[in-house]
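A.B. asks: Predicted model and sequence follow; I will ask about them next.
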Amino acid sequence: MKKALIGIIATALATFLVVSLARTVWATEFPKTICHHTPANNVTLTFQNHQSYNGHLGQPHNNQTFDTNGPCVVPSPSPTASPTATPSATPTATPSATPQPSPTASPSATPEPRVEPSATPSATPIPQVYTPVETVSDGGPGVPHFECDAIPFVPTLTSFERLSPTSVKVKWTHTDPQNLYMVWYGLSQDKLVWNTGIVPGWEVTLNDLPANLSIWVGVQASDGHCLGGLSQIIDP
């Protein structure tokens, strides 16, 4: 009886020790990390306790689906050889053409300004004022004289203007190349007793005439030395 009791106690103690040891072992195993292998991929799983681990073991495992202790080892990628750079051809400098000096234009001679000959100015008639002087010509009293035939042109009286009872303005044509004239005048056509002397231009004003009387006028061209033919004699 005593031996039987001792055997029971020893068996219980052994069982307790085994359970305690197992619990100690289980406690030291967790957290537990495994690598779960499948045909699709490998997954690292970590379990915090025995219950979760046993639950995982209850899932189907076979030759293609199995576990190994420790995390899954991710294989390092095989180094890919970097392509060797193909050396580019060293550029050869193309010699640039040596610039040729631009031809320098020879300075052209500066043209002398052309002087255009100005037109010979025609003589501008200068109004003259004369006081009558009684004159006796070579041909007799009151007849204009003719000294030479070197002047072929005879002027023509063109204008008469009474300015006052005692003054008259007279104009005539120009006889080229002469610019000198002598004007004869008097109270009758055959008695031109007064003259202006040789004057330039193509008009004169005769002053100090007898008041309100008719005055007859004629004109001769001159070259300064002699007189040409007498114009028509007209009563202004």
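C.D. replies: Ah, there it is.
A.B. asks: only C-alpha atoms for contact and neighbour calcs from this point on.
C.D. replies: Will do.
A.B. asks: Would you map the strands across this protein?
C.D. replies: Remark: strands assigned in the chain by DSSP state E are 32-37, 42-47, 66-69, 128-130, 136-137, 140-141, 157-164, 167-172, 180-186, 194-200, 203-206, 216-222, 227-230.
A.B. asks: In the sheet, which strands lie alongside the second one, parallel or antiparallel?
C.D. replies: Same thing as strand 42-47. strand 32-37 (antiparallel) (DSSP bridges).
A.B. asks: likewise the last one?
C.D. replies: Applying DSSP bridges, strand 227-230 is found paired with strand 216-222 (antiparallel).
A.B. asks: what do you get for the third one?
C.D. replies: According to DSSP bridges, strand 66-69 forms sheet pairs with strand 32-37 (antiparallel).
A.B. asks: export the strand it pairs with as CSV, just CAs?
C.D. replies: Coordinates of the C-alpha atoms in strand 32-37 are reproduced here as CSV (Å, rounded to 0.1, in the frame of the first residue of the first chain):
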residue,chain,number,x,y,z
LYS,A,32,8.9,32.6,-32.9
THR,A,33,9.9,33.6,-36.5
ILE,A,34,9.6,31.2,-39.4
CYS,A,35,9.8,31.4,-43.2
HIS,A,36,6.6,30.1,-44.8
HIS,A,37,7.3,28.8,-48.2
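A.B. asks: Measure how buried Met182 is and give me the count.
C.D. replies: Using other CA atoms under 10 Å, Met182 has 19 other residues around it.
A.B. asks: ok, back up a step: can you tell me which of the strands of the chain is most buried?
C.D. replies: Of all the strands of the chain, strand 216-222 carries the top mean neighbour count, a mean of 25, counting by mean count of other CA atoms under 10 Å.
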